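**Student:** predicted structure and sequence below. I'll ask about it afterward.
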Amino acid sequence: MSRGGIGATLRGTGLEVPEKVVTNADFEKFIDTTDEWITTRTGIKERRMCEEGQNTADLAAGAGTRALEEAGIDPLDLDVIVLSTATPDHLLPSTSCEAQALMGAHNAVAFDVSAACAGWLYGVKIADGFLRSDGFETILVIGAEKMSAIIDYTDRTTCVLFGDGAGAALFGRSGENGSSILSTHMQTDGRLAELLWRPAGGAARPSTEETRAERMEYVRQEGREVFKNAVLQMDTSSRIALHRAGLTIDDIDLVVPHQANIRIIEGVAKRLGVEMDRVYVNIDRYGNTSSASIPIGLDEVRKRELVGEGATILMTAFGGGLAWGSMVFRL
Ligand code: COA
């Protein structure tokens, strides 16, 4: 737990999504689905998709540059880039290195974190730790995903859910009473890894003709099990984070949750006892952008002035790992 002090304070945010919009009606043309099913079961109406040649690092650099601009920080003065992604452009080097080069942030330390949809929150916690150590003053935490690269477009149970995009936040050192992380909670359960994973394409099972024929390089999930775990763990984790901050849900100005399914978000809100008018939702426009979803939401709520300086927000995320976490943050 951390209150005030020298940890992470928010100085700017940004987002970048591809221009190409894929609607539910577009899916009706090539898989057995309907706009009605997707809308009622998930809350998604449309999502963004990268064009050929547009990659995770491009989205990351776009979002990161906007966050730097808002904060008035020259890319050359950036100390650290932490990039969360489940869709790295290459397995070596990390996508953060490619985004660093695109942003012209040549003096920064850059590395990726891998914790699926919870990864951006984990990245913020890392940033907070870096800011408490000597020498680091400005840290960019990016969530960037080209989910369209790892989705099986013949599998109607997963392909309609995901979208591409990136969000970023620039953190500096907070003063004594400045904006900061008030509390966090994080947890992972690797025993449940196969509920949401890509069976092949990594070092354990490299891609072969056989794995490709079985479409094992793409995301597979047990939708109902993931759904149940998501509602349970986002609720529990939020409660622990609130307790650690010495707050209740009534002290929260806005909940900015990971956007996986509107029914998951509504289920968590109901359990927490918060009305949906205090919960930010943009899943109808972007689908599930994995670790980009919270920083995209954060940028939108700030730019739309749904929350201002001094507001207290609760961010909560859940995804593959299974890995989840929550953070109470004072803006
Ligand atoms: N269009 C039409 N029908 C579909 C469909 C689609 N896109 N996807 C699945 N269905 C069908 C199923 O095949 C099933 O048909 P059946 O009864 O004939 O077998 C029926 O809809 C119900 O399937 P079910 O899996 O019970 O639906 P659901 O209400 O659980 O919704 C998910 C499925 C995937 C939307 C839901 O489980 C979910 O959102 N899970 C969490 C996934 C997630 O968020 N993952 C990322 C976490 S970060």
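**Tutor:** Received it, and whenever you're ready, just let me know what you need. Numbers count the residues shown, from 1 in each chain.
**Student:** centre-most residue in the protein?
**Tutor:** The residue lying closest to the centre of the chain (C-alpha atoms, centre = their mean) is S291, at 2.2 Å.
**Student:** state the mean pLDDT of stretch 85-100.
**Tutor:** For stretch 85-100, mean pLDDT is 97.
**Student:** what about that stretch, how long is it end to end?
**Tutor:** 14 Å (C-alpha to C-alpha, to the nearest Å).
**Student:** checking my notes, the residue nearest to the centre of the chain in a strand, right?
**Tutor:** No: assigned with DSSP: H, G, I helix; E, B strand; the rest coil, S291 falls outside any strand and is helix.
**Student:** what pLDDT does it get?
**Tutor:** Reading off the model, S291 has pLDDT 98.
**Student:** next one: the one 5 residues further on
**Tutor:** Here the pLDDT value assigned to I296 is 98.
**Student:** please renumber the chain so that the first residue is 28 from this point on.
**Tutor:** Shifting the count to begin at 28 puts that one at I323.
**Student:** nearest spatial neighbour of it, chain-adjacent residues omitted?
**Tutor:** G194 (3.8 Å; C-beta to C-beta, 6 or more residues apart in numbering). Any C-beta I mention is one placed from the backbone N, CA and C, and that applies to glycine too.
**Student:** how close does that neighbour get to D59?
**Tutor:** Distance from G194 to D59, counting by C-beta to C-beta, to the nearest Å: 33 Å.
**Student:** between these two, who's got more neighbours?
**Tutor:** G194 (34 against 8; other C-beta atoms under 10 Å).
**Student:** give the contact list for L37.
**Tutor:** 196-198, 206, 356, 358 (C-beta atoms under 8 Å, 6 or more residues apart in numbering).
**Student:** make it 6 Å
**Tutor:** By C-beta atoms under 6 Å, 6 or more residues apart in numbering, the contact list for L37 reads 196, 206.
**Student:** so what does it have for phi and psi?
**Tutor:** phi -80, psi 130 (degrees, to the nearest 10).
**Student:** run through the bridge partners of T215.
**Tutor:** A350 (DSSP bridges).
**Student:** that one against W351, yeah?
**Tutor:** No: counting by C-beta atoms under 6 Å, T215 stays clear of W351, with 7.6 Å between them.
**Student:** more neighbours: which of those two?
**Tutor:** Set side by side, T215 and W351 show more neighbours around W351, with 29 against 16, by other C-beta under 10 Å.
**Student:** hang on, isn't that one packed against Q260?
**Tutor:** Yes: here W351 reaches Q260: they are 4.6 Å apart, a contact under C-beta under 6 Å.
**Student:** what do these two both touch?
**Tutor:** Joint contacts of W351 and Q260 (C-beta under 6 Å, 6+ apart) are F345.
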